[in-house]
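Colleague: need a 3D model of the sequence below.
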Amino acid sequence: SVLFRSFENFAVERGLTWTRDDQSVIILQNYTEGREQFAVTRFDPSGSTIHVQNQAEPIDQLTARNMNYADFYHDIENKMFQLVVNGKSNGTLFVEAFRCLENCPVPQPYVPKEDTLRLWSNASMWPNGVVPQDGDDVVIPPEWRVLLNINTNSLNSLTIQGDLIFDERAEESIIMAKRIWVQGQLIAGSENQRFHGKAKIILTGNRIGQYLILGKNNHVGNKVLAVTGNLTLYGQEVPLVFTRLSQPAEIGTKTITLTDIVEGKWKVGDEIVIAPTQAFPQEYELRTITQIIENVVTLDEALTYYHFGASAPITNQYGVIDMRAEVAHLTRNIEIIGTPEDNWGGRLYTTEIYDPKVDFAYRGMLNIDGISLRNMGQGNSSKAGLAFELITSAGRESHITNAVIRETQGFHASFYEVRGVTIENCIFYHQD
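Modeller: Residues are numbered from 1 along each chain as shown. Okay, here's the model as predicted:
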């Protein structure tokens, strides 16, 4: 029997009735995410441990007859692992798949930046004198500072070793790529000088696209914005992230009354979501604001469900319980968006990479405030839309504030062996 524990590894327990003369079985395991090496270990019943070597040629049914139990071949070109199981030996087999071992990429070390600010639109600075085109693999060198004064084409990959800065003077600034790796800095605004334009980072591709490999234990995946440097995104200030209904919102109404005055804080055209208050969690309602007068908001469509509201929370001998429907503000001027193919959204993935050659850990850091992550997360997988993984060194803390994570295809967020991450006043809305 074959026990597939995960994509990372699996074990094989050979049946006891199998004899040496029985025909060999070839187990085929394909993969989409890159694998540099496989390791096969046989644990013999006598207590010995045998590390099996990779075969020199592909295995077929004819050659398998002369092979031993646990012989294997890694077909890198076709992304296929082949393993022979027969009755010539006993013991449990354990198979491990490594994304990388000897050839793991590491970020470029810091170098002083140029004094000048280059323009993305300047063809003369790019290879062959051409602005990056659709499908290109683009690298911003460590010493460059680049202003994104035009939208990128649909890139295959973008590696930011230097600085890439959004231009808020543009009507809308767009980065579009299948994979983005921020080793240096990707910047839109700062804590003291907010970004007031419109910026979008659009992640493209599907579940079988090429994966970004960062380390042997990093579950990065594809369709990803990966950060081992600095991601600094400060959108327009959000004065009020959410409030509550101060009166019940009946079925069919297009007007809701809130506990806070939102005039001057929210705008006509902004999107809001009204949380469910009845037995069914899917009774949330997404609406667009058409008018605001103090704390009274008019919606573009009538409500389909009833939402409880009251002038004050419930107070009894057990304390205070606020059952009034939350009303959350969803519109942000900076967005990270995954395209909708194949129930496979994008990822914002932050991690730490250790380079033994220089004895230094490159720790990714997010400082984001007032942004939206839309159509993130990857369906039928553990790859969350917002992910922090393997960040164990001290310093360089990440802060995520007033953000919206919405229309997620898989998990909204995941945190695995991390420290120094603060998430505050954020909205997680609608998981498909």
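Colleague: number of nearby residues for S173?
Modeller: 25 (other CB atoms under 10 Å). (C-beta placed from N, C-alpha, C; glycine too.)
Colleague: right, and it touches I202 too?
Modeller: No - between S173 and I202 there is no contact, the gap being 11.2 Å when judged by CB atoms under 8 Å.
Colleague: from memory G215 sits against L101, does it?
Modeller: No - look at G215 against L101 with CB under 8 Å: they stay out of range, at 10.0 Å.
Colleague: neighbour count: these two, which is higher?
Modeller: Neighbours were counted for G215 and for L101 using other CB under 10 Å; G215 has more, 21 against 11.
Colleague: part of a helix, is the more buried one?
Modeller: No - counting by DSSP: H, G, I helix; E, B strand; the rest coil, G215 falls outside a helix, being coil.
Colleague: which residues touch it?
Modeller: 99-100, 104, 351, 353, 390 (CB atoms under 8 Å, 6 or more residues apart in numbering).
Colleague: also S311?
Modeller: 246-247.
Colleague: phi, psi for it please.
Modeller: phi -70, psi -20 (degrees, to the nearest 10).
Colleague: swap in the one 5 residues further on?
Modeller: N316 adopts backbone torsions of phi -140, psi -170, taken as degrees, to the nearest 10.
Colleague: what's the burial count for it?
Modeller: Around N316 there are 7 residues (other CB under 10 Å).
Colleague: need the contact list for Q247.
Modeller: Per CB under 8 Å, 6+ apart, neighbours of Q247: 256-257, 309-311.
Colleague: repeat that with 7 Å
Modeller: Residues near Q247 by CB atoms under 7 Å, 6 or more residues apart in numbering: 257, 309.
Colleague: now do it, the pLDDT please.
Modeller: Confidence at Q247, expressed as pLDDT, is 97.
Colleague: phi first, then psi, for it.
Modeller: phi -140, psi 150.
Colleague: how long is stretch 194-203 end to end?
Modeller: 24 Å (CA to CA, to the nearest Å).
Colleague: mind listing the strands for the stretch 251-400 of the chain?
Modeller: 255-257, 271-274, 285-293, 296-299, 314-316, 319-321, 326-329, 334-338, 347-355, 360-363, 365-369, 371-374, 386-391, 398-401 (DSSP state E, counting those that start in this stretch).
Colleague: what does the second one contact?
Modeller: Which is strand 271-274. 249, 284-289, 307, 325, 327-331, 429.
Colleague: let's see that with 6 Å instead.
Modeller: 284-288, 307, 325, 327-331, 429 (CB atoms under 6 Å, 6 or more residues apart in numbering).
Colleague: what of the last one?
Modeller: Contacts of strand 398-401 with the rest of the structure, by CB under 6 Å, 6+ apart, involve 365-369, 421-425.
Colleague: switch the residues you listed over to TSV; also include neighbour count.
Modeller: Shown next, in TSV, are these (neighbours: other CB atoms under 10 Å):
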residue	neighbour count
M365	22
L366	23
N367	18
I368	23
D369	25
V421	15
T422	10
I423	17
E424	11
N425	12
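Colleague: from those residues, pick the one nearest Y211.
Modeller: Checking these against Y211 by CB to CB gives L366 as the nearest, at 21.5 Å.
Colleague: beta partners for the closest one?
Modeller: Listed by DSSP bridges, the beta-bridge partners for L366 are L231.
Colleague: that one reaches T232, doesn't it?
Modeller: No - counting by CB atoms under 6 Å, T232 is not a contact partner of L366; they are 8.1 Å apart.
Colleague: what's the distance between the spatially most central residue of the chain and A226?
Modeller: Among the residues of the chain, R347 comes closest to the average C-alpha position under CA atoms, centre = their mean, at 1.7 Å. Distance of R347 to A226, computed by CB to CB, to the nearest Å: 8 Å.
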